[in-house]
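In: What follows is a predicted protein model with its sequence.
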Amino acid sequence: MKVISIRGRVFPTDLNHAGTVFGGWLMGQMDKAASIAIEDILISPAVTAAVSDMNFLRPVYSGAIFTIYTEIVKVGNSSVKVAVDVQIKCRETHDEYSVTNATFTFVIVDENKKPRNVREVLRDDIADYIREQL
């Protein structure tokens, strides 16, 4: 189930030399959104371990309003994968369209930064679709 993790606006300071959003800035926003999705289901810290299948589909310009959607797609022993999709709202029609997507993998860690079992640190109120992945 996709949920909204972050909404915001692109400002001129977020652009690259070509006048479109800097990919590193957008990736940082996506990482933050994924970390919020992780915190919604775990009571333990988690760190970004990998980013896969990152696709920049369309350019993003200054002034664009973006929404970052996240979805927990896989729960492993010590890791969780989060699908992240960035959408931009069209100024004229208010339709949203996807501009960037990727999968972020987080590893759950203990106080010594060692991997920890996901099942030990799940919140009690997680969604059924996540619980079914266990």
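Out: Nice, I can see it.
In: Report the central residue of the protein.
Out: residue 34 (2.9 Å; C-alpha atoms, centre = their mean).
In: That one should be in a helix, yeah?
Out: Yes: according to DSSP: H, G, I helix; E, B strand; the rest coil, residue 34 belongs to a helix.
In: give me the number of residues near residue 69?
Out: By the criterion of other C-beta atoms under 10 Å, residue 69 has 20 neighbours. Every C-beta, even on glycine, is put in place using the N, C-alpha and C of the backbone.
In: My read is that residue 127 contacts residue 2, right?
Out: No: between residue 127 and residue 2 there is no contact under C-beta atoms under 8 Å: 11.4 Å.
In: Could I have the CA atoms of the helix or strand of the chain with the lowest mean pLDDT written out in PDB?
Out: Ranking every helix and strand in the chain by mean pLDDT, DSSP states H and E puts helix 128-131 at the bottom, with a mean of 85. Coordinates of each C-alpha in helix 128-131 appear next as PDB, following Å, rounded to 0.1, in the frame of the first residue of the first chain:
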ATOM      1  CA  ASP A 128      -1.600  -6.400   7.500                       C
ATOM      2  CA  TYR A 129       0.100  -6.400   4.100                       C
ATOM      3  CA  ILE A 130       3.500  -6.000   5.900                       C
ATOM      4  CA  ARG A 131       2.700  -8.600   8.500                       C
END
